[in-house]
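take a look and give me a structure for this.
(3 chains)
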Amino acid sequence: MAIEQKVLNCIMCPMGCEITATIEAGVVTGTIGNRCPRGAKYAKDELTAPMRMLTSTVRVTGGRLRLLPVVSADVLPKGRILDCAEALRSVTVDAPIHAGDVVCPDVLGLGVDIVASRDMERA
Amino acid sequence: MEREADVVVIGGGVTGTAVLWALAHYDLKCVLLEKEPDIAAGTTKANSAVLHAGFDAPTGSEKARMNVLGNRLYHDLEKELGLDIIWTGSLVTATTPAEEEQIKELKARGEANGVPGLEIWDAGRVREKEPNLSEAVKSALWAPTAGICWPFGIAAAFAENASLNGAEILRGATVTGIETEGGRVTAVRTVKDVIRTRYVVNAAGVQAGEISAMAGDSSFTIRPRKGEYILFDKTARASLVNGIVFPAPTKTSKGILVCATTHGNVFIGPNAQEVDDKEDTSVTPAGMDEIIAGAKKLVPNLPMGAAITEFAGLRAASSTGDFVLGPSQEVKGLLQAAGIQSPGLTSAPAIGQYLAEIIVKETGAAKKADYQPGRPEQPVFRELDDAGQAALIARDPRYGRVICRCETITEGEIVDAIRRPCGATTVDGVKRRTRAGMGRCQGGFCGPRVIEILSRELGVPVPEIRKDGAGSYLYIDKTGGTAK
Amino acid sequence: MSGTYDIIIIGGGPAGLSAADSAVQNGAKKVLILERDREVGGILQQCVHNGFGLHHFKQELTGPGYAQRCYDMVKDRPEVEILVDTMVLEVRTDKTVVAVSPAKGRLELTAKTVILTMGCRERTRGAIRIPGTRPAGVYTAGAAQRMVNMEGYLPGKKIVILGSGDIGLIMARRMSLEGCKVQAVLEICPFSNGLTRNIVQCLNDYDIPLYLSHTIVAIHGRDRVSGITAAKVDEKMRPIPGTEFEIDCDTVLLSVGLIPENELSRGLGLTLHPKTSGPVVDQHRETSQPGIFAAGNVVHVHDLVDFVSDEAEIAGKYAALASLGQSPAVDRVIEVKPGAGINTCVPQHLRLGIEGENVRLFMRAAQPKRGVKLVITSGGETVLTKPLAVVKPSEMIAVDLPAAKTAALSGEISVAIDEGV
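Now for the predicted structure:
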């Protein structure tokens, strides 16, 4: 069975480590270049089932601002990111909101909540 | 809608607004039609902003007559209308014996035209005034009556005074036709209205040929001549010039100058390029190279790193070579103010009075008994002293909120600019009336805030706010995401 | 709001908030933050994406999340007062601060020390001279970001981005998430000016092409942008005739660099550095004017807010000590000079006591390189070397000089990239 090597840039933090992953029979068997264990996990995920965080905004009523910034509580499948972003466009929440409050539970049934990035006081 | 007027002025540039201002002194119902969302949207917004002394044009020409008279009128009107003018004087420099002869001829011509105070200065005196000029400058013609101004502000002053005295200014009112009966104008059609009138003043700038032809007078055409400019940051002024510096003129133009602005910046330009497209205000790399090379002959060390913006304007050059002024020979009731290229800005109030007098003579209209001079007060926060600033904020707290931090322009000033007679309806309209967005960041920070204020004050949604021209929409609604 | 403050902080972004927190922890009793916007947090409030905080808070946060953390640190501190919607017009060398606000009118406040944390602004179209018309639809990436993320409007539907700085890359993804089509990112340099992770997750994820060594040679459209002409550039960044191609778009976003916002610093007569465009500072972030400190993007543009907070904590601490009359004694001043391969280095000088102290130097490389060594020398002697796998102008290099090393310094030090590893 062929042993393949793939070079990729880690996106887990701003260090952006350049990782060389060794793939045997479709399975990542080793990584070099990553400076932390998150890099190894990233390489494995990226080469099998790539995942991404999602950040966007939802509309808020009664708040000091019109929009509330939100973030996924965990990574989502990369291929569903645009669908999730579109789903958030129809979400509206009422102020007040606290950072970490769930604004969209279990987005698209993917098992991940979308939460508020910041507090939003009432106007 | 059908309306009635004694006079319809077509074109809201400095010429059209000056005509309206002159007419507003009399008992005449006057309407000005401008196709863009704001006045001064064409040639008036992009030119050298110089009030010329009047030595360039051939003695006896309309240009020479109107220039010298207009210059004098600005000296008289400056205070009453609160015009943004600095009487810097101008220098025309000579670098060769042939050019030295040329400036002597200019001096003689200027004196024949009635320009006061002209002098030939030697190199020492020239450099005392402008220390950064090239060593090659041998002497210069000094004209003390020349000055620099803010052309938009001048058109706005004319428009505001006219509005104050009952004249009506319709913007976004593109003219679609002029009706005549028995060789006399009877009405002007726009995209919105029909206005019955006996007099039409054609001050339509680069479109003046088309407007005249609509009424049946095709005796001239307008060929736009594009001029490109580069504007420098205020910080570069010390290495450039204090006033107006021309090279010796060529046959077709006054050449590429280096010139201060009333806002404390300096520009270089313009070049002169005949174009066919009457809307072509694009800036070209070749043009930039040309004006940089030209300006370097006057100031060898140009601080190009301090360039903040470049722009181009169209001069409305007529096929006759001179201003086309006064009653049409072909259509009664049509008065031309066409082919108004340089020195058109300087000539504007003189042209206004000249055409108003013709109409007054024919109609016998009386002077307005209750004519109001000047224009409404326009507080400028940054120009006030400490106590003045405190008092202004106490009167209206919006003067305590700085929107444009580069130029220190407050929300109060922006609201005033929108609510004044003939007030701003666009982002650039706010910028031209207040300077918000004119600084180093070029509106990057205050632009979105100005859009919000326009939307709120005009009662229109944000996506309907425009930057400048009729189709210059800035933002579109976000799908969802926005609570109204 | 009366009497003399220990410290007045100009700007309530992450630098200002971090400086305030640190100042109180180091003994300051009366601290005032003046913020021009309607709330504190600065530009972070519009940076809704994640990737912040891993260094400073050891946790991945969004921009607003990071701002929230900074605000939470000071909001209940009785020593810290915050005035929002307040614009500072002037700071004087006697530490008088003139400000205005709709609520408070015109204010003249006095302090023992001042910390400048005004951040930076974006370079504009004018500064880079793009030929063509001047229609609506040309925005700096940051202005567009504010409209999309805070006001709820889109600048357009079909986007070209000039410049591959991080804000431009982040906006490429943001506009894609909002259903817009990002046609291309053009970068005049032969390398990207953004973080690699942003190239991957903001461009590659959305199949957005990045054209290196390309620029916009003309913008088209009379009232609104209708397209652009792009062209390849030569090694001197001049467009190569014959390489032009058209891109259809209604919007151009500019991400062509940031400049420290130093109008107040200029008014104060502070010595500004020609390359960083910010005030020259020592390791405590004290400027050329005693008692005037500066930190964050107003000193030099950072790529990570985490380092902004670190720097602001230093400024907060030493401003607090100065206001208490406890500034450390200075025995000598050591100049820090960028050497080969280094474009800028902050601080520009060290004001050291006999003991020496731990100092962190921040540098930017002039060119991207691989497998190099950072070498710090003084008087021909090597003080410290640090191997670096990759250096890029877009990614700031930080290196720590321990107290033992700085104690031994007697003359100017030079920081350079050694390629001969």
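
for the stretch 201-350 of chain C, which residue gets nearest to chain B?
The stretch 201-350 of chain C approaches chain B most closely through C:Asp223 (3.4 Å), counting by CB to the nearest CB. C-betas here are computed from N, CA, C, even on glycine.

ok, the residue nearest to the spatial centre of chain A to A:Val91 distance?
Centroid-nearest residue in chain A, with CA atoms, centre = their mean: A:Met53, separated by 0.9 Å. Distance, A:Met53 to A:Val91, by CB to CB, to the nearest Å: 17 Å.

what's the closest non-adjacent residue to residue 28?
Picked chain A for this. Leaving aside its sequence neighbours, A:Val28 sits nearest to A:Lys44 (CB to CB, 6 or more residues apart in numbering or on different chains; 4.5 Å).

wait, chain B was what I had in mind.
B:Asp6 (4.3 Å).

surely that neighbour and B:Cys30 touch.
Yes: between B:Asp6 and B:Cys30 a contact is recorded at 6.6 Å, counting by CB atoms under 8 Å.

neighbour count: the two, which is higher?
More neighbours surround B:Cys30 than the other of B:Asp6 and B:Cys30, with 27 against 18 (other CB atoms under 10 Å in any protein chain shown).

what sits against the more buried one?
By CB atoms under 8 Å, 6 or more residues apart in numbering or on different chains, B:Cys30 lies in contact with B:Ala5, B:Asp6, B:Val7, B:Val8, B:Val9, B:Leu20, B:Leu23, B:Ala24, B:Ala162, B:Gly166, B:Ala167, B:Glu168.

phi, psi of it?
With angles defined as degrees, to the nearest 10, B:Cys30 sits at phi -120, psi 140.

from B:Gly60, how far out is it?
From B:Cys30 over to B:Gly60 the distance is 31 Å, taken as CB to CB.

tell me, how many residues neighbour the closest residue in space to A:His98 that isn't next to it in sequence?
Spatial nearest neighbour of A:His98, excluding adjacent residues (CB to CB, 6+ apart): A:Asp119 at 5.4 Å. Applying other CB under 10 Å, we find 19 residues neighbouring A:Asp119.

before we move on, what about B:Asn165?
Count around B:Asn165 with other CB under 10 Å applied: 20.

for B:Phe158, same thing?
Residues near B:Phe158, counting by other CB under 10 Å, number 33.

flag the shaky bits of the chain, pLDDT-wise.
In the absence of a named chain, chain A is used. Residue ranges of chain A with pLDDT under 70: A:1.

the intended chain is chain C.
C:1-2, C:125-129, C:421.

helices along that one, start to end?
Using DSSP state H, the helices found in chain C span residues C:14-25, C:63-74, C:125-128, C:141-146, C:166-177, C:196-198, C:263-267, C:305-323, C:403-407.

any idea how far the residue lying farthest from the centre of chain C is from chain A?
Distance from the C-alpha centroid of chain C peaks at C:Gly242, with 37.4 Å (CA atoms, centre = their mean). Distance, C:Gly242 to chain A, by CB to the nearest CB, to the nearest Å: 34 Å.

which one of the residues in chain A is closest to chain B?
Closest point on chain A to chain B, by CB to the nearest CB, is A:Arg89, at 3.5 Å.

measure stretch B:313-332 end to end?
The first and final residues of stretch B:313-332 sit 32 Å from each other (CA to CA, to the nearest Å).

my bad, stretch C:330-344
24 Å.

pull out the buried positions in that stretch.
Of all the residues in stretch C:330-344, those buried under the rule 16 or more other CB atoms under 10 Å in any protein chain shown are C:Ile334, C:Val336, C:Pro338, C:Gly341, C:Ile342, C:Thr344.

could these go into TSV alongside distance to chain A?
TSV is the format used below for the buried residues of stretch C:330-344 (distance: CB to the nearest CB, whole Å):
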residue	distance to chain A
C:Ile334	30
C:Val336	24
C:Pro338	23
C:Gly341	20
C:Ile342	20
C:Thr344	19
